[in-house]
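> Here is a sequence together with a model predicted from it:
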Amino acid sequence: IVGLLGPNGSGKSTLINLLNGLREPQAGSVRRIGNPPPRVAWVPQKYAYYPQLTCRENLNFFASLLAVSPQERATRMDQVVKACVLDEFLDKQLRHCSGGVRRRVNIAIGLLQAPDVLLLDEPTVGVDPQTRVFLLEQVRQLARQGAAIVYATHYMDEAMAVCNDILILDHGRVVASGDLATLLKGTAGA
């Protein structure tokens with residue numbers, strides 16, 4: 001898990017948008033290495049679902065966009081519902097759900113892609129402390145299962161809780177990088 005840490009406007013979301021192909025770099029390049037290239041899923045900071053639909057309807061819609069068999073779609077639906085603990089909310093319209101449930105659905109939609117690389121842009125914004133702890137544990141679990149994760153946050157405690165390596169950004173530049181111990185010693189490089 002690589003953390004992108006910095007204040008608002010430091011370039012975290014811009015870097016994620018470069019990694020997911022929504023923006024083109026002004027210099028340099030972004031390459032996906034591998035054959036086939038890794039599956040990359042993005043969970044944006046803002047909610048990316050249809051609030052007038054139920055949780056189930058949203059998940060079904062986004063699963064229907066995947067180029068997989070109906071059986072694989074059903075398997076993935078079951079997996080993300082379990083991973084994000086959404087069973088009791090499946091038939092509830094998202095506009096009537098709490099911020100924590102909405103955030104979990106946002107993440108579940110990204111997980112439907114069974115990504116090799118998961119880009120999380122401030123995934124705990126607007127959630128209560130209990131949901132925050134739950135989401136951080138889910139991120140660690142995804143990494144244990146083999147996903148590479150880029151985790152953007154402006155909370156040092158979140159970066160400390162989940163990230164192996166951290167890039168500290170300011171005005172679009174990496175001002176320090178390294179593991180937590182190196183950063184705390186002040187010997188990190190940029």
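Right, received. Where do you want to start?

> Show me where this structure has its helices.
Per DSSP state H, the chain carries helices over the ranges 12-19, 55-64, 70-83, 99-111, 129-144, 156-162, 180-185.

> for the fifth one, which positions count as buried?
Spelled out, it's helix 129-144. For helix 129-144, a neighbour-count test (16 or more other CB atoms under 10 Å) marks Thr131, Arg132, Phe134, Leu135, Leu136, Gln138, Val139, Leu142, Ala143 as buried. Heads up, the C-betas are built off the backbone N, CA and C, glycines and all.

> pretty sure the last one contacts Val150?
No. In this structure, Ala143 is not within contact of Val150 by CB atoms under 8 Å, at 11.1 Å.

> what about stretch 92-102, average pLDDT?
Throughout stretch 92-102, pLDDT has a mean value of 94.

> picking up where we left off before, find the residues that touch each one of Ala143 and Val150.
Shared contacts of Ala143 and Val150, defined by CB atoms under 8 Å, 6 or more residues apart in numbering, are found at Ile1.

> Kindly state the beta-bridge partners for the residue most central in space within the chain.
Against the mean C-alpha coordinate of the chain, by CA atoms, centre = their mean, the closest residue is Leu120 at 2.2 Å. As for beta bridges, Leu120 partners with Val43, Tyr151 under DSSP bridges.

> Point out the most buried one among the helices of the chain.
Burial of those is given as mean neighbour count (mean count of other CB atoms under 10 Å); helix 99-111 ranks first at a mean of 22.

> what is the orientation angle of that helix with helix 70-83?
Inter-element angle recorded for helix 99-111 and helix 70-83: 150 degrees (by axes from the mean of the first three to the mean of the last three CA atoms, to 10 degrees).
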